[in-house]
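Colleague: just a sequence and a predicted model for now, questions to come.
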2 protein chains.
Amino acid sequence: MHPFDTATLLEALPDGSFRGHTSPAYANMVGPFGGVIAACLLQAPMRHVARLGNPIALTVNFAAALADGEFNIAARPLRTNRSTQHWAMELTQGGEVAASAMAVFAVRRETWSAPEAAPPANLASPDMLTRAPPIGRPAWTHQYDMRFARGGLPDAFDEEQQLDSVSQVWVRDEPPRPLDFIALASLCDSFFPRIFVRRRKIAPIGTVSLTTYFHADAALLKEQDRRHVLGTARALNFRNGYFDQTAEVWSDEWQLLASSHQIVYYRD
Amino acid sequence: MHPFDTATLLEALPDGSFRGHTSPAYANMVGPFGGVIAACLLQAPMRHVARLGNPIALTVNFAAALADGEFNIAARPLRTNRSTQHWAMELTQGGEVAASAMAVFAVRRETWSAPEAAPPANLASPDMLTRAPPIGRPAWTHQYDMRFARGGLPDAFDEEQQLDSVSQVWVRDEPPRPLDFIALASLCDSFFPRIFVRRRKIAPIGTVSLTTYFHADAALLKEQDRRHVLGTARALNFRNGYFDQTAEVWSDEWQLLASSHQIVYYRD
(Lines give C-alpha, C1' and ligand atoms only; values in the text may rest on other atoms or scores of the structure.)
Protein backbone atom coordinates (compact mmCIF):
# COMPACT_ATOMS: atom_id res chain seq x y z
CA MET A 1 0.00 0.00 0.00
CA HIS A 2 1.32 3.44 -0.91
CA PRO A 3 2.19 5.54 2.18
CA PHE A 4 -0.25 8.24 1.00
CA ASP A 5 -3.07 5.69 0.96
CA THR A 6 -2.12 4.53 4.44
CA ALA A 7 -2.09 8.15 5.65
CA THR A 8 -5.52 8.91 4.17
CA LEU A 9 -7.19 5.62 5.07
CA LEU A 10 -10.51 6.23 6.80
CA GLU A 11 -12.50 3.59 8.65
CA ALA A 12 -16.29 4.04 8.48
CA LEU A 13 -17.82 4.07 11.97
CA PRO A 14 -21.36 2.99 12.87
CA ASP A 15 -22.46 6.63 13.48
CA GLY A 16 -21.59 7.56 9.87
CA SER A 17 -18.35 9.36 10.75
CA PHE A 18 -14.84 8.16 9.93
CA ARG A 19 -11.78 7.27 11.97
CA GLY A 20 -8.33 8.17 10.66
CA HIS A 21 -4.82 7.89 12.04
CA THR A 22 -1.82 10.19 11.70
CA SER A 23 1.05 8.72 9.75
CA PRO A 24 4.74 9.15 10.66
CA ALA A 25 5.60 9.26 6.94
CA TYR A 26 3.75 12.60 6.63
CA ALA A 27 4.85 14.22 9.88
CA ASN A 28 5.61 17.94 9.78
CA MET A 29 7.50 20.08 12.33
CA VAL A 30 4.47 20.07 14.65
CA GLY A 31 1.72 17.55 13.84
CA PRO A 32 1.06 16.11 10.38
CA PHE A 33 1.61 17.87 7.04
CA GLY A 34 -1.48 20.02 6.33
CA GLY A 35 -1.85 18.58 2.83
CA VAL A 36 -2.54 15.14 4.19
CA ILE A 37 -5.08 16.56 6.65
CA ALA A 38 -6.80 18.30 3.73
CA ALA A 39 -6.74 15.01 1.81
CA CYS A 40 -8.31 13.15 4.75
CA LEU A 41 -11.03 15.82 5.01
CA LEU A 42 -11.76 15.44 1.28
CA GLN A 43 -11.64 11.66 1.55
CA ALA A 44 -14.64 11.68 3.92
CA PRO A 45 -17.22 12.99 1.38
CA MET A 46 -15.43 11.02 -1.39
CA ARG A 47 -16.10 7.85 0.63
CA HIS A 48 -19.59 8.91 1.79
CA VAL A 49 -22.56 6.90 0.47
CA ALA A 50 -24.47 10.13 -0.35
CA ARG A 51 -21.76 11.57 -2.62
CA LEU A 52 -22.73 13.21 -5.92
CA GLY A 53 -20.02 13.91 -8.52
CA ASN A 54 -16.47 14.99 -7.84
CA PRO A 55 -14.80 17.89 -6.00
CA ILE A 56 -14.88 21.41 -7.41
CA ALA A 57 -13.82 23.37 -4.32
CA LEU A 58 -12.29 22.47 -0.98
CA THR A 59 -11.54 24.81 1.92
CA VAL A 60 -9.79 23.59 5.05
CA ASN A 61 -9.32 25.74 8.15
CA PHE A 62 -6.61 24.47 10.48
CA ALA A 63 -7.55 25.26 14.07
CA ALA A 64 -4.89 23.35 16.01
CA ALA A 65 -1.96 21.02 15.48
CA LEU A 66 -2.97 17.35 15.58
CA ALA A 67 -1.37 15.03 18.11
CA ASP A 68 -0.03 11.71 16.83
CA GLY A 69 -2.76 9.09 16.88
CA GLU A 70 -6.40 8.66 15.96
CA PHE A 71 -8.79 11.35 14.85
CA ASN A 72 -12.44 11.50 13.82
CA ILE A 73 -13.94 13.10 10.70
CA ALA A 74 -17.65 13.82 10.40
CA ALA A 75 -18.94 14.79 6.94
CA ARG A 76 -22.43 16.26 6.50
CA PRO A 77 -24.09 16.77 3.11
CA LEU A 78 -25.64 20.23 3.58
CA ARG A 79 -27.58 20.42 0.36
CA THR A 80 -27.84 18.37 -2.80
CA ASN A 81 -28.98 20.09 -5.99
CA ARG A 82 -29.42 18.63 -9.44
CA SER A 83 -25.73 18.77 -10.34
CA THR A 84 -23.99 20.13 -7.21
CA GLN A 85 -23.60 19.04 -3.62
CA HIS A 86 -22.39 21.04 -0.61
CA TRP A 87 -20.53 19.47 2.30
CA ALA A 88 -19.27 20.46 5.73
CA MET A 89 -16.59 18.40 7.47
CA GLU A 90 -15.11 18.54 10.93
CA LEU A 91 -11.99 16.83 12.19
CA THR A 92 -11.91 16.28 15.93
CA GLN A 93 -9.39 14.78 18.29
CA GLY A 94 -10.24 14.13 21.92
CA GLY A 95 -13.61 15.80 21.29
CA GLU A 96 -12.03 19.12 20.23
CA VAL A 97 -12.18 20.55 16.70
CA ALA A 98 -8.71 20.53 15.11
CA ALA A 99 -9.83 21.39 11.55
CA SER A 100 -13.02 22.33 9.76
CA ALA A 101 -13.71 22.12 6.06
CA MET A 102 -16.27 22.71 3.36
CA ALA A 103 -16.46 21.24 -0.12
CA VAL A 104 -18.51 21.61 -3.25
CA PHE A 105 -18.93 18.56 -5.44
CA ALA A 106 -20.44 18.60 -8.91
CA VAL A 107 -21.30 16.54 -11.92
CA ARG A 108 -19.63 18.39 -14.78
CA ARG A 109 -20.54 18.45 -18.42
CA GLU A 110 -18.67 19.60 -21.49
CA THR A 111 -18.90 23.33 -22.24
CA TRP A 112 -16.90 26.02 -23.96
CA SER A 113 -13.57 26.00 -22.14
CA ALA A 114 -10.47 28.19 -22.26
CA PRO A 115 -7.42 28.81 -20.14
CA GLU A 116 -6.49 32.32 -19.04
CA ALA A 117 -3.50 31.81 -16.76
CA ALA A 118 -0.47 30.46 -18.61
CA PRO A 119 2.25 28.07 -17.47
CA PRO A 120 5.82 29.42 -17.35
CA ALA A 121 7.59 29.44 -20.71
CA ASN A 122 10.87 27.68 -21.56
CA LEU A 123 10.80 25.47 -18.54
CA ALA A 124 13.28 22.65 -18.06
CA SER A 125 11.59 19.24 -18.04
CA PRO A 126 11.72 17.14 -14.85
CA ASP A 127 14.37 14.78 -16.24
CA MET A 128 16.67 17.77 -16.84
CA LEU A 129 16.48 18.72 -13.18
CA THR A 130 17.56 16.92 -10.04
CA ARG A 131 15.44 16.10 -7.05
CA ALA A 132 15.73 18.58 -4.17
CA PRO A 133 17.30 16.66 -1.28
CA PRO A 134 14.80 16.25 1.57
CA ILE A 135 17.67 15.64 4.01
CA GLY A 136 17.20 17.49 7.27
CA ARG A 137 13.62 18.39 6.38
CA PRO A 138 10.36 17.12 7.91
CA ALA A 139 9.25 13.58 7.03
CA TRP A 140 6.47 14.64 4.63
CA THR A 141 8.97 16.26 2.25
CA HIS A 142 10.49 12.78 1.70
CA GLN A 143 7.10 11.71 0.27
CA TYR A 144 7.39 14.10 -2.67
CA ASP A 145 9.85 14.22 -5.52
CA MET A 146 10.37 17.96 -6.04
CA ARG A 147 12.48 19.37 -8.86
CA PHE A 148 12.82 23.12 -8.75
CA ALA A 149 13.22 25.10 -11.94
CA ARG A 150 13.11 28.22 -9.79
CA GLY A 151 12.63 29.25 -6.17
CA GLY A 152 13.72 26.17 -4.24
CA LEU A 153 14.49 26.38 -0.56
CA PRO A 154 17.85 28.13 -0.11
CA ASP A 155 20.87 26.06 0.91
CA ALA A 156 21.49 28.54 3.69
CA PHE A 157 18.90 30.58 5.56
CA ASP A 158 21.13 33.67 5.50
CA GLU A 159 18.26 36.16 5.90
CA GLU A 160 19.14 37.81 2.61
CA GLN A 161 15.74 39.05 1.57
CA GLN A 162 14.71 38.16 -1.98
CA LEU A 163 12.73 40.30 -4.43
CA ASP A 164 9.96 37.75 -4.69
CA SER A 165 8.94 34.30 -3.50
CA VAL A 166 8.10 32.72 -6.85
CA SER A 167 8.69 28.97 -7.19
CA GLN A 168 8.35 26.72 -10.22
CA VAL A 169 8.60 23.09 -9.25
CA TRP A 170 7.94 19.71 -10.81
CA VAL A 171 6.42 17.53 -8.16
CA ARG A 172 4.97 14.03 -7.79
CA ASP A 173 4.36 11.55 -5.02
CA GLU A 174 7.41 9.54 -3.97
CA PRO A 175 7.15 6.64 -4.63
CA PRO A 176 5.11 7.52 -7.74
CA ARG A 177 1.33 7.10 -7.39
CA PRO A 178 -1.50 7.76 -9.87
CA LEU A 179 -2.89 11.27 -9.40
CA ASP A 180 -6.42 11.53 -8.02
CA PHE A 181 -8.43 14.17 -6.21
CA ILE A 182 -7.11 13.44 -2.73
CA ALA A 183 -3.49 13.33 -3.89
CA LEU A 184 -4.01 16.63 -5.74
CA ALA A 185 -5.60 18.20 -2.63
CA SER A 186 -2.51 17.23 -0.65
CA LEU A 187 -0.02 18.28 -3.31
CA CYS A 188 -1.58 21.76 -3.39
CA ASP A 189 -0.17 22.27 0.11
CA SER A 190 3.33 21.04 -0.79
CA PHE A 191 4.63 24.49 -1.75
CA PHE A 192 6.87 25.63 1.06
CA PRO A 193 5.73 28.66 3.03
CA ARG A 194 6.60 31.60 0.81
CA ILE A 195 8.15 33.47 3.71
CA PHE A 196 11.00 30.92 3.80
CA VAL A 197 11.78 31.67 0.14
CA ARG A 198 11.32 35.44 0.38
CA ARG A 199 13.18 36.08 3.65
CA ARG A 200 15.53 33.10 3.62
CA LYS A 201 14.74 32.87 7.28
CA ILE A 202 13.06 30.02 9.15
CA ALA A 203 10.31 31.36 11.37
CA PRO A 204 7.37 29.64 13.05
CA ILE A 205 4.48 29.44 10.58
CA GLY A 206 1.15 27.69 10.30
CA THR A 207 -1.45 27.62 7.52
CA VAL A 208 -4.77 28.79 8.91
CA SER A 209 -6.91 28.42 5.79
CA LEU A 210 -6.38 26.57 2.50
CA THR A 211 -8.70 26.68 -0.51
CA THR A 212 -8.30 24.55 -3.64
CA TYR A 213 -10.31 24.72 -6.84
CA PHE A 214 -10.26 21.58 -8.96
CA HIS A 215 -10.25 22.33 -12.68
CA ALA A 216 -9.43 18.73 -13.56
CA ASP A 217 -12.03 16.04 -13.77
CA ALA A 218 -11.28 12.37 -13.05
CA ALA A 219 -10.37 11.64 -16.68
CA LEU A 220 -7.74 14.39 -16.81
CA LEU A 221 -6.20 13.20 -13.53
CA LYS A 222 -6.11 9.65 -14.85
CA GLU A 223 -4.22 10.82 -17.96
CA GLN A 224 -1.64 12.52 -15.76
CA ASP A 225 -1.09 9.23 -13.94
CA ARG A 226 2.22 9.05 -12.00
CA ARG A 227 4.12 11.75 -13.86
CA HIS A 228 5.36 15.03 -12.37
CA VAL A 229 2.98 17.97 -12.40
CA LEU A 230 4.23 21.54 -12.51
CA GLY A 231 3.48 23.76 -9.54
CA THR A 232 3.93 27.52 -9.47
CA ALA A 233 3.59 29.42 -6.22
CA ARG A 234 3.97 32.98 -5.02
CA ALA A 235 2.94 35.20 -2.15
CA LEU A 236 0.71 38.25 -2.53
CA ASN A 237 1.29 40.07 0.74
CA PHE A 238 2.98 39.67 4.11
CA ARG A 239 1.44 41.84 6.82
CA ASN A 240 1.41 41.79 10.60
CA GLY A 241 1.50 38.08 11.23
CA TYR A 242 -0.29 36.74 8.13
CA PHE A 243 0.68 36.23 4.51
CA ASP A 244 -1.21 34.68 1.64
CA GLN A 245 0.14 32.55 -1.16
CA THR A 246 -1.36 31.32 -4.36
CA ALA A 247 -0.43 28.29 -6.46
CA GLU A 248 -1.28 26.72 -9.78
CA VAL A 249 -0.84 23.05 -10.61
CA TRP A 250 -0.37 22.22 -14.28
CA SER A 251 -0.38 18.88 -16.04
CA ASP A 252 2.69 18.10 -18.12
CA GLU A 253 0.47 18.76 -21.14
CA TRP A 254 -0.27 22.26 -19.79
CA GLN A 255 -3.79 21.78 -18.54
CA LEU A 256 -4.50 23.67 -15.32
CA LEU A 257 -5.42 20.90 -12.89
CA ALA A 258 -5.96 23.06 -9.80
CA SER A 259 -5.52 26.52 -8.39
CA SER A 260 -4.94 26.86 -4.68
CA HIS A 261 -4.75 29.68 -2.17
CA GLN A 262 -3.82 29.84 1.47
CA ILE A 263 -3.29 32.27 4.30
CA VAL A 264 -0.54 31.53 6.74
CA TYR A 265 0.28 32.75 10.23
CA TYR A 266 3.91 33.73 10.85
CA ARG A 267 6.02 35.01 13.68
CA ASP A 268 9.02 37.26 13.24
CA MET B 1 -29.29 54.33 7.69
CA HIS B 2 -27.07 53.33 4.75
CA PRO B 3 -28.72 50.71 2.49
CA PHE B 4 -25.76 48.38 3.10
CA ASP B 5 -26.36 48.54 6.84
CA THR B 6 -30.04 47.82 6.31
CA ALA B 7 -29.15 44.85 4.10
CA THR B 8 -26.71 43.40 6.65
CA LEU B 9 -28.75 44.12 9.77
CA LEU B 10 -29.02 41.01 11.93
CA GLU B 11 -31.40 40.62 14.83
CA ALA B 12 -30.12 38.45 17.70
CA LEU B 13 -32.57 35.64 18.52
CA PRO B 14 -32.99 33.99 21.93
CA ASP B 15 -31.33 30.76 20.71
CA GLY B 16 -28.10 32.64 19.89
CA SER B 17 -28.68 32.69 16.12
CA PHE B 18 -29.51 35.75 14.02
CA ARG B 19 -32.38 36.76 11.78
CA GLY B 20 -31.71 38.75 8.62
CA HIS B 21 -33.83 39.96 5.75
CA THR B 22 -33.08 40.24 2.04
CA SER B 23 -32.97 43.82 0.76
CA PRO B 24 -34.39 44.94 -2.62
CA ALA B 25 -31.50 47.43 -2.95
CA TYR B 26 -29.06 44.49 -3.29
CA ALA B 27 -31.15 42.20 -5.48
CA ASN B 28 -29.29 40.27 -8.19
CA MET B 29 -30.71 38.46 -11.22
CA VAL B 30 -31.88 35.58 -9.03
CA GLY B 31 -31.87 36.19 -5.27
CA PRO B 32 -29.64 38.72 -3.50
CA PHE B 33 -26.12 39.79 -4.57
CA GLY B 34 -23.65 37.21 -3.20
CA GLY B 35 -21.45 39.91 -1.66
CA VAL B 36 -24.19 40.98 0.69
CA ILE B 37 -24.83 37.34 1.68
CA ALA B 38 -21.11 36.99 2.44
CA ALA B 39 -21.28 40.21 4.48
CA CYS B 40 -24.26 38.90 6.48
CA LEU B 41 -22.42 35.64 7.14
CA LEU B 42 -19.39 37.59 8.40
CA GLN B 43 -21.60 39.92 10.41
CA ALA B 44 -22.79 37.00 12.56
CA PRO B 45 -19.42 36.27 14.24
CA MET B 46 -18.61 40.02 14.21
CA ARG B 47 -21.75 40.56 16.29
CA HIS B 48 -21.29 37.40 18.43
CA VAL B 49 -20.53 37.87 22.14
CA ALA B 50 -17.72 35.28 21.98
CA ARG B 51 -15.78 37.05 19.19
CA LEU B 52 -11.99 37.36 19.45
CA GLY B 53 -10.17 39.81 17.14
CA ASN B 54 -11.01 40.59 13.54
CA PRO B 55 -11.41 38.56 10.35
CA ILE B 56 -8.40 37.07 8.57
CA ALA B 57 -10.17 34.63 6.25
CA LEU B 58 -13.75 34.10 5.11
CA THR B 59 -15.08 31.36 2.84
CA VAL B 60 -18.70 31.28 1.74
CA ASN B 61 -20.24 28.40 -0.22
CA PHE B 62 -23.46 29.31 -1.98
CA ALA B 63 -25.75 26.28 -2.07
CA ALA B 64 -28.98 27.80 -3.38
CA ALA B 65 -30.49 31.12 -4.39
CA LEU B 66 -32.24 32.90 -1.52
CA ALA B 67 -35.91 33.77 -1.81
CA ASP B 68 -36.92 37.32 -0.88
CA GLY B 69 -37.66 37.55 2.82
CA GLU B 70 -36.23 36.44 6.14
CA PHE B 71 -33.34 34.09 6.70
CA ASN B 72 -31.52 32.68 9.71
CA ILE B 73 -27.77 32.63 10.39
CA ALA B 74 -26.24 30.40 13.05
CA ALA B 75 -22.59 31.07 13.96
CA ARG B 76 -20.59 28.56 16.03
CA PRO B 77 -17.16 29.28 17.49
CA LEU B 78 -15.37 25.99 16.75
CA ARG B 79 -12.16 26.68 18.59
CA THR B 80 -10.59 29.65 20.33
CA ASN B 81 -6.81 29.75 20.67
CA ARG B 82 -4.64 32.41 22.25
CA SER B 83 -4.75 34.76 19.27
CA THR B 84 -7.01 33.02 16.72
CA GLN B 85 -10.60 31.88 16.60
CA HIS B 86 -12.33 29.54 14.14
CA TRP B 87 -15.97 29.87 13.17
CA ALA B 88 -18.58 27.96 11.18
CA MET B 89 -21.71 29.70 9.95
CA GLU B 90 -24.84 28.42 8.26
CA LEU B 91 -27.52 30.42 6.53
CA THR B 92 -30.89 28.70 6.34
CA GLN B 93 -34.21 29.64 4.86
CA GLY B 94 -37.31 27.56 5.50
CA GLY B 95 -35.10 25.09 7.38
CA GLU B 96 -32.89 24.40 4.35
CA VAL B 97 -29.22 25.40 4.06
CA ALA B 98 -28.79 28.11 1.42
CA ALA B 99 -25.16 29.01 2.27
CA SER B 100 -22.42 27.74 4.54
CA ALA B 101 -19.33 29.62 5.65
CA MET B 102 -16.18 29.43 7.72
CA ALA B 103 -14.08 32.24 9.11
CA VAL B 104 -10.81 32.69 10.94
CA PHE B 105 -10.52 35.66 13.26
CA ALA B 106 -7.29 36.81 14.89
CA VAL B 107 -5.70 39.39 17.10
CA ARG B 108 -2.80 40.70 15.02
CA ARG B 109 0.41 42.24 16.15
CA GLU B 110 3.06 44.21 14.31
CA THR B 111 5.68 42.14 12.51
CA TRP B 112 8.01 42.42 9.54
CA SER B 113 5.69 43.15 6.61
CA ALA B 114 6.18 43.44 2.86
CA PRO B 115 4.00 43.43 -0.23
CA GLU B 116 4.72 41.06 -3.08
CA ALA B 117 1.86 41.66 -5.51
CA ALA B 118 1.93 45.16 -7.02
CA PRO B 119 -0.92 47.45 -8.03
CA PRO B 120 -1.19 48.39 -11.73
CA ALA B 121 1.15 51.21 -12.79
CA ASN B 122 0.10 54.52 -14.39
CA LEU B 123 -3.52 54.18 -13.41
CA ALA B 124 -5.99 57.03 -13.89
CA SER B 125 -7.37 58.33 -10.60
CA PRO B 126 -11.11 57.92 -9.88
CA ASP B 127 -11.85 61.60 -10.56
CA MET B 128 -10.38 61.24 -14.06
CA LEU B 129 -12.82 58.44 -14.86
CA THR B 130 -16.60 58.40 -15.10
CA ARG B 131 -18.93 56.13 -13.24
CA ALA B 132 -20.06 53.06 -15.21
CA PRO B 133 -23.80 53.45 -15.72
CA PRO B 134 -25.74 50.81 -13.80
CA ILE B 135 -28.74 51.32 -16.09
CA GLY B 136 -30.34 48.06 -17.11
CA ARG B 137 -28.27 46.10 -14.59
CA PRO B 138 -29.37 44.32 -11.39
CA ALA B 139 -30.23 46.52 -8.38
CA TRP B 140 -27.02 45.75 -6.44
CA THR B 141 -24.84 47.37 -9.11
CA HIS B 142 -26.60 50.69 -8.31
CA GLN B 143 -25.15 50.43 -4.77
CA TYR B 144 -21.58 50.71 -6.04
CA ASP B 145 -19.78 53.53 -7.78
CA MET B 146 -17.53 51.71 -10.26
CA ARG B 147 -15.01 53.50 -12.46
CA PHE B 148 -13.23 51.22 -14.86
CA ALA B 149 -9.68 51.97 -15.96
CA ARG B 150 -9.79 48.69 -17.88
CA GLY B 151 -12.11 45.75 -18.48
CA GLY B 152 -15.55 47.19 -17.84
CA LEU B 153 -18.63 45.38 -19.02
CA PRO B 154 -18.90 45.76 -22.79
CA ASP B 155 -21.54 48.08 -24.22
CA ALA B 156 -22.68 45.25 -26.44
CA PHE B 157 -22.51 41.54 -25.69
CA ASP B 158 -21.40 40.78 -29.24
CA GLU B 159 -19.72 37.45 -28.36
CA GLU B 160 -16.40 38.72 -29.66
CA GLN B 161 -14.05 36.73 -27.45
CA GLN B 162 -11.37 38.78 -25.69
CA LEU B 163 -7.76 37.74 -25.01
CA ASP B 164 -8.20 38.07 -21.27
CA SER B 165 -10.73 39.06 -18.63
CA VAL B 166 -8.61 41.54 -16.65
CA SER B 167 -10.43 44.43 -14.99
CA GLN B 168 -9.06 47.41 -13.09
CA VAL B 169 -11.80 49.31 -11.35
CA TRP B 170 -12.12 52.01 -8.72
CA VAL B 171 -15.05 51.11 -6.54
CA ARG B 172 -16.83 52.37 -3.43
CA ASP B 173 -20.25 52.07 -1.85
CA GLU B 174 -22.89 54.37 -3.34
CA PRO B 175 -23.80 56.46 -1.39
CA PRO B 176 -20.29 56.58 0.14
CA ARG B 177 -19.88 54.68 3.41
CA PRO B 178 -16.80 54.18 5.65
CA LEU B 179 -15.03 50.94 4.72
CA ASP B 180 -15.13 48.15 7.31
CA PHE B 181 -14.76 44.37 7.26
CA ILE B 182 -18.30 43.57 6.18
CA ALA B 183 -18.29 46.20 3.43
CA LEU B 184 -14.94 44.86 2.20
CA ALA B 185 -16.27 41.28 2.25
CA SER B 186 -19.15 42.39 0.04
CA LEU B 187 -17.03 44.53 -2.28
CA CYS B 188 -14.77 41.52 -2.96
CA ASP B 189 -17.72 39.96 -4.81
CA SER B 190 -18.48 43.09 -6.86
CA PHE B 191 -16.21 42.11 -9.76
CA PHE B 192 -18.47 40.96 -12.57
CA PRO B 193 -18.23 37.32 -13.58
CA ARG B 194 -15.08 37.15 -15.67
CA ILE B 195 -16.86 35.12 -18.34
CA PHE B 196 -18.95 38.20 -19.24
CA VAL B 197 -15.76 40.17 -19.86
CA ARG B 198 -13.90 37.39 -21.65
CA ARG B 199 -16.67 36.11 -23.91
CA ARG B 200 -18.77 39.27 -24.14
CA LYS B 201 -21.70 36.94 -23.79
CA ILE B 202 -24.30 36.83 -21.03
CA ALA B 203 -24.75 33.28 -19.80
CA PRO B 204 -26.30 31.86 -16.63
CA ILE B 205 -23.65 31.87 -13.87
CA GLY B 206 -23.54 31.43 -10.11
CA THR B 207 -20.66 31.68 -7.64
CA VAL B 208 -20.37 28.41 -5.76
CA SER B 209 -17.49 29.29 -3.43
CA LEU B 210 -15.91 32.61 -2.44
CA THR B 211 -12.81 33.04 -0.25
CA THR B 212 -11.48 36.36 0.97
CA TYR B 213 -8.27 37.03 2.89
CA PHE B 214 -8.18 40.25 4.88
CA HIS B 215 -4.77 41.88 4.88
CA ALA B 216 -6.12 45.12 6.35
CA ASP B 217 -6.74 45.59 10.02
CA ALA B 218 -9.41 47.91 11.38
CA ALA B 219 -7.05 50.92 11.48
CA LEU B 220 -6.16 50.59 7.79
CA LEU B 221 -9.82 50.31 6.83
CA LYS B 222 -10.64 53.37 8.92
CA GLU B 223 -7.95 55.36 7.08
CA GLN B 224 -9.48 54.41 3.74
CA ASP B 225 -12.83 55.76 4.96
CA ARG B 226 -15.32 56.49 2.12
CA ARG B 227 -12.86 56.82 -0.74
CA HIS B 228 -12.67 54.53 -3.78
CA VAL B 229 -10.51 51.42 -3.51
CA LEU B 230 -8.87 49.86 -6.53
CA GLY B 231 -9.96 46.38 -7.52
CA THR B 232 -8.16 44.16 -10.01
CA ALA B 233 -9.74 40.94 -11.19
CA ARG B 234 -8.95 38.18 -13.64
CA ALA B 235 -9.88 34.60 -14.39
CA LEU B 236 -7.45 31.71 -14.24
CA ASN B 237 -9.29 29.00 -16.12
CA PHE B 238 -12.68 28.23 -17.66
CA ARG B 239 -13.39 24.51 -17.93
CA ASN B 240 -16.49 22.38 -18.33
CA GLY B 241 -18.96 24.46 -16.37
CA TYR B 242 -16.68 26.12 -13.80
CA PHE B 243 -14.23 28.99 -13.89
CA ASP B 244 -12.23 30.61 -11.13
CA GLN B 245 -11.41 34.27 -10.73
CA THR B 246 -9.05 36.08 -8.43
CA ALA B 247 -9.15 39.69 -7.23
CA GLU B 248 -7.03 42.12 -5.27
CA VAL B 249 -8.39 45.17 -3.46
CA TRP B 250 -5.93 48.02 -2.95
CA SER B 251 -6.24 51.16 -0.84
CA ASP B 252 -5.68 54.45 -2.66
CA GLU B 253 -2.33 54.55 -0.88
CA TRP B 254 -1.43 51.14 -2.41
CA GLN B 255 -1.84 48.92 0.58
CA LEU B 256 -3.31 45.52 -0.27
CA LEU B 257 -6.53 45.44 1.75
CA ALA B 258 -7.79 42.04 0.63
CA SER B 259 -7.24 39.25 -1.86
CA SER B 260 -10.23 37.24 -2.94
CA HIS B 261 -10.86 34.12 -4.98
CA GLN B 262 -13.98 32.44 -6.25
CA ILE B 263 -15.16 29.57 -8.39
CA VAL B 264 -18.20 30.12 -10.50
CA TYR B 265 -20.62 27.78 -12.27
CA TYR B 266 -21.50 28.70 -15.85
CA ARG B 267 -23.66 27.40 -18.63
CA ASP B 268 -22.85 27.78 -22.29
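Modeller: Received it, and whenever you're ready, just let me know what you need.

Colleague: for A:W170, what are phi and psi?
Modeller: Per-residue torsions, A:W170: phi -80, psi 130 (degrees, to the nearest 10).

Colleague: neighbours around it, how many?
Modeller: A:W170 has 24 neighbours, counted by other Cβ atoms under 10 Å in any protein chain shown. (C-beta placed from N, C-alpha, C; glycine too.)

Colleague: that one bridge partners, please.
Modeller: A:R147, A:L230 (DSSP bridges).

Colleague: any idea how far A:A117 is from it?
Modeller: Per Cβ to Cβ, to the nearest Å, A:W170 is found 18 Å from A:A117.

Colleague: A:E70 now?
Modeller: On the measure of Cβ to Cβ, A:E70 and A:A117 end up 40 Å apart.

Colleague: for those two, work out which one has more neighbours and name it.
Modeller: A:A117 (16 against 13).

Colleague: thought the more buried one was touching A:L257?
Modeller: No - the criterion here is Cβ atoms under 8 Å, and A:A117 misses it with A:L257 at 11.8 Å.

Colleague: how about the strands of the stretch 51-200 of chain A, start to end?
Modeller: Residue ranges of the strands in the stretch 51-200 of chain A, as given by DSSP state E, counting those that start in this stretch, are A:54-62, A:70-80, A:84-93, A:96-106, A:114-115, A:144-150, A:167-173.

Colleague: flag every buried residue along the second one.
Modeller: Residues of strand A:70-80 classed as buried by neighbour count (16 or more other Cβ atoms under 10 Å in any protein chain shown): A:71-73, A:75-80.

Colleague: show me where the stretch 151-268 of chain A has its helices.
Modeller: Listed in chain order, the helices of the stretch 151-268 of chain A (DSSP state H, counting those that start in this stretch) span A:181-187, A:194-199, A:218-224.

Colleague: list the buried residues for the last one?
Modeller: For helix A:218-224, the buried set under the neighbour-count rule, 16+ other Cβ under 10 Å, comprises A:220-221, A:224.

Colleague: picking that back up, please go through the buried residues of strand A:70-80 and note which also touch chain B.
Modeller: A:78-79 (Cβ under 8 Å from any Cβ of the partner chain).

Colleague: could you export the buried residues of strand A:70-80 as TSV, including pLDDT and distance to B:F238?
Modeller: Putting the buried residues of strand A:70-80 into TSV (pLDDT from 0 to 100; distance: Cβ to Cβ, whole Å) gives the following:
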residue	pLDDT	distance to B:F238
A:F71	98	37
A:N72	98	38
A:I73	98	32
A:A75	98	29
A:R76	97	30
A:P77	98	27
A:L78	98	26
A:R79	98	25
A:T80	98	25
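
Colleague: can you pull the residues of the stretch 1-150 of chain A lying near chain B?
Modeller: So far as Cβ under 8 Å from any Cβ goes, the stretch 1-150 of chain A lies against chain B at A:56-57, A:59, A:61, A:63-64, A:78-79, A:81, A:84, A:86, A:88, A:90, A:96-98, A:100-102, A:104, A:106, A:108-117.

Colleague: may I see the PyMOL selection of the buried members of the residues you listed?
Modeller: Written as a PyMOL command, the selection of buried residues from these, which uses 16+ other Cβ under 10 Å, is:
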select buried, chain A and resi 56+57+59+61+63+64+78+79+84+86+88+90+97+98+100+101+102+104+106+108+112+115+116+117
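
Colleague: circling back: as TSV, the helices of the stretch 151-268 of chain A with mean pLDDT and distance to chain B would be great.
Modeller: Shown next, in TSV, are the helices of the stretch 151-268 of chain A (pLDDT from 0 to 100; distance: least, Cβ to the nearest Cβ, whole Å):
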stretch	mean pLDDT	distance to chain B
helix A:181-187	98	14
helix A:194-199	95	7
helix A:218-224	98	9
